[in-house]
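Student: A structural model of the following input is requested.
(2 chains)
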Amino acid sequence: GAGVSQSPSNKVTEKGKDVELRCDPISGHTALYWYRQRLGQGLEFLIYFQGNSAPDKSGLPSDRFSAERTGESVSTLTIQRTQQEDSAVYLCASSLDISGANVLTFGAGSRLTVL
Amino acid sequence: GNSVTQMEGPVTLSEEAFLTINCTYTATGYPSLFWYVQYPGEGLQLLLKATKADDKGSNKGFEATYRKETTSFHLEKGSVQVSDSAVYFCALSGGSSNTGKLIFGQGTTLQVKP
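Tutor: Model prediction:
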């Protein structure tokens, strides 16, 4: 597609519920990233995928967080047993490759509110 | 590990004032450096980048020079406009680890008043 598409744009859930966030990267982009942005704070790296290589999961904050990507297409970020501190905007980005000079294109984000 | 530190905000300026937002980094090797901007209600987008020492990135009147000797990438603009009000993020990727993982600073909010 023309840009990175994320859904839902807004999600309100109750503490303890599971949520799934979806990201459709730009067609042809081999690299896909997930970041978390808490209110008034910077971007916190969560995970990235590059082609068929093992993903870099070093930023996932706990085992309640997981992400999958099928080939070079859609990715899903799953948060199990949500907690109030999970409330944030979850940003997805994609890029052509993972070279150091690559430019990331970001989606508009999924705003998660855990009550 | 790699890290980025930005000056804290918010920064409030009058229109046509000179802007500097400081950014310093810690990394091994030769990372690429970026400034991303997040306008109100919009997604994060690239503002400018520099991929090697002494390179100057520029866009929309903004400039930043990659200074390896001071490990800095300060953002400057000679005359800001109200439309420049946004959150600015300094970031780096690559270096010795040679990955595309982008590490961001905490962001600096700029508010320009007419």
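
Student: start to end distance for stretch A:23-35?
Tutor: Distance between the boundary residues of stretch A:23-35 (C-alpha to C-alpha, to the nearest Å) amounts to 12 Å.

Student: same thing with stretch B:79-94?
Tutor: Stretch B:79-94 stretches 32 Å from its first residue to its last (C-alpha to C-alpha).

Student: so, in contact with chain A or not, that stretch?
Tutor: Yes - under the criterion of C-beta under 8 Å from any C-beta of the partner chain, chain A is reached by stretch B:79-94 at B:Phe89, B:Ser93, B:Gly94. C-beta here means a position set from N, CA and C on the backbone, and glycine is covered the same way.

Student: State the helix or strand in which the first one lies.
Tutor: Under the assignment given by DSSP states H and E, the secondary-structure element containing B:Phe89 is strand B:86-94.

Student: for the record, mean pLDDT for that strand?
Tutor: In this model, strand B:86-94 has a mean pLDDT of 92.

Student: do stretch A:52-72 as well
Tutor: Here the mean pLDDT over stretch A:52-72 is 90, rounded to a whole number.

Student: The residue in chain B positioned nearest to chain A - how many residues pack around it?
Tutor: With C-beta to the nearest C-beta as the measure, B:Gly94 is the residue of chain B nearest to chain A, at 1.9 Å. Look at B:Gly94: counted by other C-beta atoms under 10 Å in any protein chain shown, it has 23 neighbours.

Student: just to revisit the earlier point, what are the pairing partners of the strand holding B:Phe89, and which direction each?
Tutor: According to DSSP bridges, strand B:86-94 has the following sheet partners: strand B:31-38 (antiparallel), strand B:103-104 (antiparallel), strand B:108-113 (antiparallel).

Student: what does the second one contact?
Tutor: I take that to be strand B:103-104. Taking C-beta atoms under 8 Å, 6 or more residues apart in numbering or on different chains as the criterion, the residues outside strand B:103-104 that touch it are A:35, A:42-43, A:45, B:2-4, B:36, B:89-93.
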